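> Just need the structure, nothing else, for what follows:
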Amino acid sequence: METLYPNLILDALSTVRYPGNGKNIVELGMVADDIRIDGSKVSFSLVFPKNPDPFMKSLIKSAEAAIHTRISNEVQVTVTPTFITAAPERKPALPGVKNVIGVSSGKGGVGKSTVASNLAVALAMEGYKVGLLDADIFGPSVPKMFGLEDEPLYMHDVDGRQLIIPAERYGVKVLSIGFLVDKNSPVLWRGSMASNALRQLIEEADWGNLDFFLIDMPPGTSDIHLTLVQTLAITGVVVVSTPQEVALADARKGIAMFTSDKVNVPVLGLVENMAWFTPETHPDERYYIFGREGAVRLAREMGVKILAQIPIVGSICDGGDGGAPVALENNATGHAFVHLAHEVIDAVQQRNDSLPPTVKVNVKK
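Numbering: from 1, shown residues only. Take a look at the predicted model:
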């Protein structure tokens, strides 16, 4: 008997065809990569597409016969059947949430958290159920913007699970890593620690039923963005930039990241923050201190929608520092965030209208 080796076994098995489609079992990938040879003994597994498979016994006999015929009757053949098992269907991380909206920026300092917080409040003012997750692990600022810096967190039992109860203010449910760390100390975590902490805030919190779940993402592009995309079915992202060229360059990278094949998240539109400065006493005056309509040009260039232009007014900073988002105020800036909320609602509805009927979600009131 000639010396046995794996390719010799595969050549013999390539003469065995799976009934019905005419292809051989090697071509179909049914011969597992576990061929073992011990002298005249040969063992391997055959992988079947379903259990039970009506052709299992006949194919095992045919495989044994092919080796005996093509190689030698002296070969002792052991064939073990295995089956392809479908991976269990993963339950959605937030089954009660209709739409997940990321608020992102290419760089820090462009007012992303201000936009996220005021957008959340403006949506709540429109009558929607809203949640806001501060996912900016290394610079959480949402607690301060909502006046919740010293807010204690509690847990309660939900169907046998202990879940975190989000804080709530202005009709928005809020969670932030800032609730769990010393606000005066830096967060020195590796990427995996930050990602695990975020998963806990998403999956181990009682968010309940929400129309919109907003995520204040970290600036830039990082593994935390990938964690969020992999954990949640994100409806779309809102990208925030200022008119400055340095901010626009980073916003361009952010849009490219979300639209890449690896991430593939729809960009709902671009928000130009700090679009101009308007003195509170002269609301009709505009001073373009960071450049004029840079984000508008970028939106046109990248083929995305410009959702809103938010001016700089002293009340934005005062409101954020004092824990009262400016969207609550009846002034030009507050109206700008209400306009942004309407634009986001329309963009989400347009996105949902393009989906198959089985997954459409109506966000209109």
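> Okay, now the unreliable bits of the protein?
Scanning the chain for pLDDT under 70 picks out 1-2, 20, 85-91, 182-192, 220-223, 314-322, 355-365.
> Going along the chain, name the helices of the chain.
Listed in chain order, the helices of the chain (DSSP state H) span 6-13, 56-70, 112-125, 142-145, 191-203, 223-231, 245-259, 294-302, 314-321, 332-353.
> Centre of the chain to stretch 5-23, how far?
Stretch 5-23 sits 43 Å away from the centroid of its parent chain (CA atoms, centre = their mean, to the nearest Å).
> roughly how far apart are the spatially closest residue to Thr235 that is not a sequence neighbour and Leu201?
Nearest residue to Thr235, sequence neighbours excluded (CB to CB, 6 or more residues apart in numbering): Asn99, at 4.4 Å. Every residue, glycine included, has its C-beta placed from N, CA and C. From Asn99 across to Leu201, the span is 18 Å (CB to CB, to the nearest Å).
> Name the residue in those two with the higher neighbour count.
Asn99 (23 against 20; other CB atoms under 10 Å).
> which residues in the stretch 1-150 of the chain form strands?
36-38, 41-48, 76-83, 97-105, 130-134 (DSSP state E, counting those that start in this stretch).
> okay, the ones you listed, which one's buried deepest?
Across these, averaging neighbours per residue (mean count of other CB atoms under 10 Å) puts strand 130-134 on top, at a mean of 28.
> Identify all contacting residues around that strand.
Outside strand 130-134, the residues within contact range by CB atoms under 8 Å, 6 or more residues apart in numbering are 97, 113, 116-117, 120, 123-124, 140-143, 166, 171-178, 198, 201-202, 207, 210-216.
> With just CA atoms, put it into PDB.
Taking C-alpha atoms only, strand 130-134 is exported to PDB below (Å, rounded to 0.1, in the frame of the first residue of the first chain):
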ATOM      1  CA  VAL A 130     -35.800  60.600  24.200                       C
ATOM      2  CA  GLY A 131     -32.700  59.000  25.700                       C
ATOM      3  CA  LEU A 132     -29.100  60.400  25.600                       C
ATOM      4  CA  LEU A 133     -26.000  58.400  26.200                       C
ATOM      5  CA  ASP A 134     -22.800  60.300  26.800                       C
END
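> next one: it to chain centre, how far?
That offset, for strand 130-134, works out to 14 Å (CA atoms, centre = their mean).
> what's the angle between that strand and helix 332-353?
Here strand 130-134 runs at an angle of 100 degrees relative to helix 332-353 (axes from the mean of the first three to the mean of the last three CA atoms, to 10 degrees).
> Strand 130-134 pairs with which strands, parallel or anti?
Paired neighbours of strand 130-134 in the sheet (DSSP bridges): strand 172-176 (parallel), strand 210-216 (parallel).
> mind listing what Ser14 touches?
By CB under 8 Å, 6+ apart, the contact set of Ser14 is 24-27.
> And these, which of them are buried?
The neighbour-count criterion (16 or more other CB atoms under 10 Å) marks 24-26 among these as buried.
> Turn those into a markdown table, including distance to Ser260.
Formatted as a markdown table, the buried ones among the contacts of Ser14 follow (distance: CB to CB, whole Å):
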| residue | distance to Ser260 |
| --- | --- |
| Asn24 | 39 |
| Ile25 | 38 |
| Val26 | 36 |
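> Just the buried positions in stretch 100-119, please.
Neighbour counts over stretch 100-119 (16+ other CB under 10 Å) mark 100-108, 110-119 as buried.
> Oops, could you answer that again for stretch 10-24 instead?
Those would be 12-13, 15-16, 18, 24, for stretch 10-24 by 16+ other CB under 10 Å.
> Between the two ends of that stretch, how far is it?
Taking CA to CA, to the nearest Å as the measure, stretch 10-24 stretches 11 Å from start to finish.
> and it, how far out from the chain's middle?
Worked out by CA atoms, centre = their mean, stretch 10-24 lies 42 Å from the chain centre.
> repeat for stretch 235-247
The answer for stretch 235-247 is 18 Å, by CA atoms, centre = their mean.
> residue contacts, Gly22?
Residues in contact with Gly22 (CB under 8 Å, 6+ apart): none are found.
> Chain neighbours aside, what residue packs nearest to the residue most central in space within the chain?
Nearest to the mean C-alpha position of the chain, by CA atoms, centre = their mean, lies Val229 at 1.7 Å. In this structure, Val229 finds its nearest non-sequential neighbour in Val263, 5.5 Å apart by CB to CB, 6+ apart.
> residues near the one you found, how many?
17.
> Please report the distance of the residue lying closest to Val77 once chain neighbours are set aside from Arg70.
Of all residues not flanking Val77 in the chain, Glu64 sits nearest, at 4.6 Å (CB to CB, 6+ apart). According to CB to CB, Glu64 stands 11 Å off from Arg70.
> if we can go back for a sec, surely the residue nearest to Val229 is in contact with Leu226?
Yes: with contact defined as CB atoms under 8 Å, Val263 reaches Leu226; the gap is 7.2 Å.
> quick one, what contacts the nearest residue to Gln309 once chain neighbours are set aside?
Closest residue to Gln309 apart from its sequence neighbours, by CB to CB, 6+ apart: Ala275 at 3.8 Å. Neighbouring residues of Ala275 by CB under 8 Å, 6+ apart: 243, 288, 293, 295, 309-312.
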